[in-house]
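Asker: This is a predicted model, with the sequence first.
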Amino acid sequence: MTRMNTPIKNILPSEFDALVKGLGQPSFRSKQLFEWLYGKGAQSYEEMTNLPAKFRAQLAQEHPLHNVEVLEHAISSDGTHKMILQYHDGVCVETVAIPSRNGERLTVCFSTQAGCPMACAFCATGKEGLSRNLFAGEIVDQVLTVQRLLGRRVSNVVGMGQGEPFLNYDNVLAALRIMNSDKGLGIGARHICISTCGIIPGIERFSHEPEQFTLAVSLHSASQATRLQLMPKTNSFPLPELKSSLARYIEITNRRVTFEYIMIDNVNDKESNLQELLQFCKGLLCHVNLIPINAVPESPFKPSKQQTIQKWIDVTAKHGIETTLRDSRGSDIAGACGQLKNTFTQQHS
């Protein structure tokens, strides 16, 4: 049973039936409530005109509907939008909206935690530490906010913002299902991707979910020593165990895995690193996404040389591994991979 004064966005949709029953309403009210919150993105209970006035008053009193506040909205020269959003308790996250070059798609890169506990060496968010997990409704609110501000439907979502999604598994999965639901945001499962640093228990759970959500793994090195240098908190999930887990995921789901690989000059882009990546990918249904690292203040890392990146693309292709170079977007507004950081709160504190 949900406690009184629990914000409505902090309550899982699976708990809505018990909620409305506890307030003396018939069960179909839970579906109406869900549609208002997530299908129509209602900003207040007053908008929910097909709910009885007494019920709306009870909800407003017992389960307040908080809206996220947009503290900052920057627009890149390439059309990317970066937003700093603040929740009712003062916690902030960053959300990035990326229109495709041809304008047909709108992708939202959403955050799953406020901050991140993984402390990856190349990531600005990791330097901030973890504030708290986000609730499912708070995660979905990021996408709803983008749709409202940009006045268009979001077609694709990726959980590649702040946080490690599989350390907030239940809320993240609930959010994905809200986004996927026909009564919610109606985003196709194959257009919903979650990226993990390689949390094996999360991968195991994800492999048994019925929806065809897609999986990306932040690999960044297929050498255990180099990976620990870049991603020290992955030491509990060594590469051989990660590969075995991914092989099981592929076998169960028959879906390929995308490996995210940030290219850092003279750190993880040497010939030995390339050979290690080829060996790691061997036998896996996978796709490699190479990402030249973006500048982060006070970081010693520099992007790999263009000829190095091209060599990696050519060599992996010869080995039958589909490899792409990510079209990095939003770097001039610190919205690109590795740059996400709540600068607003620092500038205005």
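Answerer: Perfect, thanks for sending it. Residues are numbered from 1 along each chain as shown.
Asker: Grab the most central residue of the protein for me.
Answerer: For the chain, residue 159 is the residue whose C-alpha lies nearest the centre (CA atoms, centre = their mean; 1.4 Å).
Asker: Outline the domain layout of this structure.
Answerer: As given by automatic domain parsing, the domain ranges for the chain are 8-62, 69-347.
Asker: Packed most tightly, which of these would that be?
Answerer: domain 69-347 (a mean of 19; mean count of other CB atoms under 10 Å). The way it works is simple: take the backbone N, C-alpha and C, and place the C-beta from them, glycine included.
Asker: For that domain, what does the pLDDT average out to?
Answerer: Domain 69-347 carries an average pLDDT of 91.
Asker: So what's the gap between stretch 127-134 and the chain middle?
Answerer: 14 Å (CA atoms, centre = their mean, to the nearest Å).
Asker: wait, residue 67 sits on residue 43?
Answerer: Yes: using CB atoms under 8 Å, residue 67 is in contact with residue 43, at 5.5 Å.
Asker: what about the residue nearest to the centre of the chain, distance to residue 198?
Answerer: To residue 198, residue 159 is 14 Å away according to CB to CB, to the nearest Å.
Asker: now do residue 146
Answerer: 28 Å.
Asker: cool, residue 140 as well?
Answerer: For residue 140, the distance to residue 198 (CB to CB) stands at 25 Å.
Asker: for residue 66, same thing?
Answerer: 34 Å.
Asker: What ranges does the chain have for its helices?
Answerer: Ranges of helices within the chain are 16-22, 28-34, 53-62, 136-150, 169-180, 200-206, 224-230, 239-253, 271-281, 306-318, 343-347, based on DSSP state H.
Asker: Looking at those helices, which is nearest to residue 191?
Answerer: helix 169-180 (8.9 Å; CB to CB).
Asker: export that closest one as CSV, just CAs?
Answerer: Only the C-alpha atoms of helix 169-180 are listed here, as CSV (Å, rounded to 0.1, in the frame of the first residue of the first chain):
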residue,chain,number,x,y,z
TYR,A,169,16.5,-1.9,-12.4
ASP,A,170,12.9,-1.9,-11.2
ASN,A,171,12.3,1.8,-11.7
VAL,A,172,14.0,1.7,-15.1
LEU,A,173,12.0,-1.3,-16.4
ALA,A,174,8.8,0.3,-15.2
ALA,A,175,9.8,3.5,-17.1
LEU,A,176,10.6,1.6,-20.3
ARG,A,177,7.2,-0.1,-20.1
ILE,A,178,5.4,3.2,-19.7
MET,A,179,7.3,4.6,-22.7
ASN,A,180,6.4,1.5,-24.7
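Asker: I'd like to know which elements that helix is packed against.
Answerer: helix 136-150, strand 156-159, strand 192-196 (3 or more CB pairs under 8 Å, 6 or more residues apart in numbering; DSSP states H and E).
Asker: how close does the residue nearest to the centre of the chain sit to residue 60?
Answerer: For residue 159 relative to residue 60 (CB to CB), the value is 31 Å.
Asker: ok, now residue 240?
Answerer: 54 Å.
Asker: what do you get for residue 36?
Answerer: 13 Å.
Asker: One more: residue 161?
Answerer: 30 Å.
Asker: what's the answer for residue 23, then?
Answerer: On the measure of CB to CB, residue 23 and residue 60 end up 12 Å apart.
Asker: swap in residue 87?
Answerer: Taking CB to CB, one finds residue 87 at 18 Å from residue 60.
Asker: again with residue 29
Answerer: 15 Å.
Asker: again with residue 271
Answerer: Distance from residue 271 to residue 60, by CB to CB: 63 Å.
Asker: residues in contact with the residue nearest to the centre of the chain?
Answerer: Counting by CB atoms under 8 Å, 6 or more residues apart in numbering, residue 159 touches 109, 110, 112, 165, 172, 176, 193, 194, 195.
Asker: quick one: which of those residues is nearest to residue 255?
Answerer: residue 193 (10.8 Å).
Asker: The nearest residue to residue 70 once chain neighbours are set aside bridge partners, please.
Answerer: Nearest non-adjacent residue to residue 70, counting by CB to CB, 6 or more residues apart in numbering: residue 83, 5.7 Å away. For residue 83, the beta-bridge partners are residue 73, residue 95 (DSSP bridges).
Asker: Correct me if wrong: residue 83 contacts residue 108.
Answerer: No: using CB under 8 Å, residue 83 is not in contact with residue 108, being 9.8 Å away.
Asker: who touches both of those two?
Answerer: Contacts common to residue 83 and residue 108, judged by CB under 8 Å, 6+ apart, are 95, 96, 97, 142, 146.
Asker: if I read this right, the second one contacts residue 109, doesn't it?
Answerer: Yes: at 4.3 Å, residue 96 and residue 109 qualify as touching, with contact defined as CB under 8 Å.
Asker: Identify the contacts common to these two.
Answerer: Residues within reach of residue 96 and of residue 109 at once, by CB under 8 Å, 6+ apart, are residue 161.
Asker: which ones are touching residue 161?
Answerer: Here residue 161 is in contact with 93, 94, 95, 96, 109, 110, 111, 112, 142, 340 (CB under 8 Å, 6+ apart).
Asker: repeat that for 10 Å
Answerer: 93-96, 108-113, 116, 125, 134, 139, 142, 195, 335, 340 (CB atoms under 10 Å, 6 or more residues apart in numbering).
Asker: again, but for residue 46
Answerer: Per CB under 10 Å, 6+ apart, neighbours of residue 46: 53, 56, 60, 65.
Asker: that older thread, out of the helices of the chain, which is closest to residue 10?
Answerer: That would be, of the helices of the chain and by CB to CB, helix 136-150, which comes in at 6.5 Å.
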